[in-house]
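Engineer: From the sequence below, what's the structure:
(2 chains)
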Amino acid sequence: MKLRTQVLSQEEVELVHKRTLELLEHVGVCIKSERALKVLAESGAEVDFNTQIVKISETLLWKCLNTAPKSYVLGARNPKFDFPMPATKVGHILDGITTGIIDIETGERRPSTKEDVFQTGRVFQQMDMGAVAWSGCSALDMPPETHSLHEFAAILQGTSKHIQFELRHGGESKYAIEILKAVLGSEEEVINRKIASVLYCPISPLTHDDSMLDAYLELAEYDVPVNIYPCPIVGLTSPASLFSTVCLINAEVLSGLVIYQLVKPGLPLMYGSCSGTADPRTGDYVDKEESVLISMASREMAKFYHLPSVLSGGGSSETVPQYMIEPELIDGIGTMDDGMTTDLAGLVMQNEFCNRNIRIAQGIRVDEETDLIADIIKQGPGGGFLGSKSTRKMFRDNSEIYISKHFPDCFRHTANEHADMRLHAIEIVKSILDGPVEDELPQSVQLRIDEICKNADRALGKKA
Amino acid sequence: MKELLNKMRVSVLEGEEEDAVALAKQALAEKLDLKTVMDEGFVLGIREAGQLYAEGEYYLPDLVCSADAMKSALAILDEALKKPASGFTSKGKIVMTTVQGDVHDIGKIIVGAMLTAVGYEIYDLGSDVPNVVVLEAIYKIKPDVVGLSALLTTTMVEQKNIIEDLKVAGTRNGVKVIVGGAPVTHEWANKIGADGYSDDAISAVELVNRLLLREGMKA
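Structural biologist: Numbers count the residues shown, from 1 in each chain, chains lettered A, B, ... in the order given. So this is what the prediction gives:
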């Protein structure tokens, strides 16, 4: 059977829900978007326009939970990468958005550019664990007011997998839709294919900022899915308790869900969870053991509401338990320095660790194929299995015997395992970047995207 | 008096805000010498907290509680301390803010706590503060240092805008500008003409000390 685990009992799941209702009904959430406040007031929520505090009743919450889709498909430019929600197999999200990149030639960190975003997309394209490409690194060479849009444009050209992007303000939304229309040909296709979703981060504790929310409420008209992704830091922006942080995340996701469902009933949403723990000395965000457990509990809450889930923190051995709780997507591959530096060689290595984690979570399969007692009988005491047909077959079946495509087993358990892997990963990255661009967009579409970005620079960029 | 001063020291050291407030009120009511109250009471407590933090005994939450107790005591004594007769001076005035469009202010609060712990006077403007409000505060408070925090790649640009606005207003040379926040780097700080950058609260204190010492200021 597959390895499965549980971090909350049914009673504890219900207690999280109960505590969440206490927060939503009695404390409320601060929502800074005027548009959202109006919609909530019209829908019967208790809205104080002065303090921007909104109290949400259980009735309103369930009404909105009922309209949120339980299944949909995150489309991709190349339909072979379409990712169904709920998923049958966990996929990974490219981490971001960093301000620097490890230069593949020099090994040194440097500020990232739009070209780096494009190249990051190309490497991510070749990672078998990669399902959704967040924008990766920042296009710091572009105007500050529009660099998010440039990042979206660049990653969309670098990979034909599903894109998840961020916008900073409502002014950028129409340009993002223009870019999608340029790629897909029509507004209808933008709505139907859903090749891009957005990453929405409430501000812990219990706050929804206006600029990002307003931008995404405009995109909601085009059915652009939203990953509601609270990022509390335990001991800093959430209480120093895992249970209470789970409750806080739940309240932030559900209040976000209410806003989006009231503005656009049926808008596809993801239940996200990205916590960290405060470094007791510096207060810095640290992704560590607590995050794994909080993510797992959040997955259980998502399941309680029948929502697809996105958890942070893949690509390392301590995150194995997250794979055992079967989320749809796991974020966190491709960066270092707590998400501030893109590392393409690291991305290749983490892709490998993701494969290993998935293999462990798949557990032990017991069926006709794996019941090879007949082979043991045939060989008898002192025999061997290297020449058995079953061995040949199983060595080709990664769900039984995992054999890496990129990293031979001789890399394992040596004194220089990680250093050797890294050198090998650098060569893999170089060979990808030296090769052709997979699923390259037609020249005319690329030119149209460039034109849209330039128009945005002119309209939105102060110094442009 | 000695016992009372020790209670003041302990109230800050242990981060007991209510005790610190009550003791500060008592100091005013009994018309105690405020320089002694500060130097031999509350300030000793915050210095000791800072020392324990430096030695690894105190964690950040301990230090923040001590800084909060200190700030609350100072708020009670504020008016009286401003009178020259009090004889009390801080190490320097620092205006801190999270730039407009950005509501993330935890990092800035931590830096503020650390600076309070070493004796600076902090004016925290909050988060998502319009640039014009920051400029007004700089004009009114006349700080030695202004700290601009930004967590988002999309709001970093406001650090640059504020520095440019200070230049336009002709007040850039009168204040040191330091920048911080997760996406901020040395390169960015240099590019926008900031006086300094730090990537954590500990180095922010070292940075401020260094900048003010270099200028022959009070640090």
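
Engineer: Let me know the secondary structure of B:Tyr123.
Structural biologist: The three-state label given to B:Tyr123 by DSSP: H, G, I helix; E, B strand; the rest coil is strand.

Engineer: What's the local residue count around it?
Structural biologist: Using other Cβ atoms under 10 Å in any protein chain shown, B:Tyr123 has 16 neighbouring residues. No exception for glycine: its C-beta is placed from N, CA and C like everyone else's.

Engineer: which residues of chain B fall in helices?
Structural biologist: Along chain B, the stretches classed as helices by DSSP state H are B:2-13, B:17-29, B:34-37, B:43-54, B:60-82, B:106-117, B:131-141, B:157-169, B:186-192, B:201-214.

Engineer: could I get those helices as TSV with distance to chain A?
Structural biologist: Conversion of those to TSV gives the following (distance: least, Cβ to the nearest Cβ, whole Å):
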stretch	distance to chain A
helix B:2-13	18
helix B:17-29	18
helix B:34-37	30
helix B:43-54	8
helix B:60-82	5
helix B:106-117	4
helix B:131-141	12
helix B:157-169	4
helix B:186-192	6
helix B:201-214	6
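
Engineer: what sits against A:His147?
Structural biologist: Each residue near A:His147 by Cβ atoms under 8 Å, 6 or more residues apart in numbering or on different chains is listed here: A:138-140, B:153-154.

Engineer: Ok, A:Phe304 next?
Structural biologist: Taking Cβ under 8 Å, 6+ apart as the test, what A:Phe304 contacts is A:13, A:17.

Engineer: can you give me phi and psi for it?
Structural biologist: With angles defined as degrees, to the nearest 10, A:Phe304 sits at phi -60, psi -40.

Engineer: For the residue in the stretch 301-450 of chain A that chain B sits nearest to, which non-adjacent residue is spatially closest?
Structural biologist: Using Cβ to the nearest Cβ, A:Met340 is the residue of the stretch 301-450 of chain A that sits closest to chain B, at 6.3 Å. Spatial nearest neighbour of A:Met340, excluding adjacent residues (Cβ to Cβ, 6 or more residues apart in numbering or on different chains): A:Thr98 at 5.2 Å.

Engineer: likewise A:Thr113?
Structural biologist: Residue nearest to A:Thr113 in three dimensions, not counting chain neighbours: A:Asp141, with 4.4 Å by Cβ to Cβ, 6+ apart.

Engineer: Kindly indicate whether that neighbour is helix, strand or coil.
Structural biologist: Under three-state DSSP, the three-state class of A:Asp141 is coil.

Engineer: Tell me the pLDDT of it.
Structural biologist: Listed pLDDT for A:Asp141 reads 94.

Engineer: any chance of the helices of chain B in JSON lines, with mean pLDDT and mean neighbour count too?
Structural biologist: Shown next, in JSON lines, are the helices of chain B (pLDDT from 0 to 100; neighbours: other Cβ atoms under 10 Å in any protein chain shown):
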{"stretch": "helix B:2-13", "mean pLDDT": "95", "mean neighbour count": "19"}
{"stretch": "helix B:17-29", "mean pLDDT": "96", "mean neighbour count": "18"}
{"stretch": "helix B:34-37", "mean pLDDT": "89", "mean neighbour count": "19"}
{"stretch": "helix B:43-54", "mean pLDDT": "89", "mean neighbour count": "20"}
{"stretch": "helix B:60-82", "mean pLDDT": "87", "mean neighbour count": "20"}
{"stretch": "helix B:106-117", "mean pLDDT": "85", "mean neighbour count": "24"}
{"stretch": "helix B:131-141", "mean pLDDT": "94", "mean neighbour count": "16"}
{"stretch": "helix B:157-169", "mean pLDDT": "94", "mean neighbour count": "19"}
{"stretch": "helix B:186-192", "mean pLDDT": "92", "mean neighbour count": "16"}
{"stretch": "helix B:201-214", "mean pLDDT": "87", "mean neighbour count": "18"}
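
Engineer: Switch those helices over to TSV; also include distance to A:Gln125.
Structural biologist: Output for these, formatted as TSV (distance: least, Cβ to Cβ, whole Å):
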stretch	distance to A:Gln125
helix B:2-13	57
helix B:17-29	55
helix B:34-37	67
helix B:43-54	47
helix B:60-82	41
helix B:106-117	35
helix B:131-141	41
helix B:157-169	31
helix B:186-192	29
helix B:201-214	39
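
Engineer: list the contacts for A:Pro86?
Structural biologist: By Cβ under 8 Å, 6+ apart, the contact set of A:Pro86 is A:70-71, A:308, A:328.

Engineer: number of nearby residues for the closest residue to chain B within the stretch 251-400 of chain A?
Structural biologist: Closest contact between the stretch 251-400 of chain A and chain B, by Cβ to the nearest Cβ, is at A:Pro280 (3.9 Å). Other residues lying near A:Pro280 total 16 when counted by other Cβ under 10 Å.

Engineer: Over to B:Asp124?
Structural biologist: Applying other Cβ under 10 Å, we find 20 other residues in the vicinity of B:Asp124.

Engineer: how much space between the residue nearest to A:Thr113 and A:Thr99?
Structural biologist: The gap separating A:Asp141 from A:Thr99 is 12 Å, by Cβ to Cβ, to the nearest Å.

Engineer: who has more neighbours, the two?
Structural biologist: More neighbours surround A:Thr99 than the other of A:Asp141 and A:Thr99, with 22 against 13 (other Cβ under 10 Å).

Engineer: list the contacts for the closest residue to A:Ile228 other than its chain neighbours?
Structural biologist: The shortest distance from A:Ile228 to any residue other than its chain neighbours is 4.1 Å, reached at A:Gly256 (Cβ to Cβ, 6+ apart). Neighbouring residues of A:Gly256 by Cβ under 8 Å, 6+ apart: A:200, A:202, A:208, A:226, A:228, A:269.

Engineer: Provide the backbone phi and psi angles at the first one.
Structural biologist: This points to A:Tyr200. Here is the backbone geometry of A:Tyr200 (degrees, to the nearest 10): phi -120, psi 120.

Engineer: Burial check on A:Gly383, number of neighbours?
Structural biologist: 12.

Engineer: go on, A:Lys55?
Structural biologist: Neighbourhood size, A:Lys55 [other Cβ under 10 Å]: 18.

Engineer: Same check on the one 4 residues further on?
Structural biologist: Other residues within reach of A:Thr59 by the criterion other Cβ under 10 Å amount to 9.

Engineer: any idea of the mean pLDDT for the helix or strand that contains it?
Structural biologist: In this assignment (DSSP states H and E), A:Thr59 forms part of helix A:58-67. Averaged over helix A:58-67, pLDDT sits at 98.

Engineer: Past it, which element shows up next along the chain?
Structural biologist: Remark: after helix A:58-67, the chain's next helix or strand is strand A:72-74, criterion DSSP H and E.

Engineer: Note down every partner strand of that next one and its orientation.
Structural biologist: Paired neighbours of strand A:72-74 in the sheet (DSSP bridges): strand A:83-85 (antiparallel).

Engineer: Show residues contacting the partner strand.
Structural biologist: By Cβ under 8 Å, 6+ apart, strand A:83-85 touches A:71-74, A:76, A:91, A:131-132, A:162, A:268, A:270, A:308, A:328-329.

Engineer: Which parts of that strand count as buried, going by neighbours?
Structural biologist: Within strand A:83-85, the residues that count as buried by 16 or more other Cβ atoms under 10 Å in any protein chain shown are A:83, A:85.

Engineer: how many neighbours does the closest residue to A:Val437 other than its chain neighbours have?
Structural biologist: The shortest distance from A:Val437 to any non-neighbouring residue, by Cβ to Cβ, 6+ apart, is to A:Arg122 (6.3 Å). As a burial measure, A:Arg122 scores 21 neighbours (other Cβ under 10 Å).
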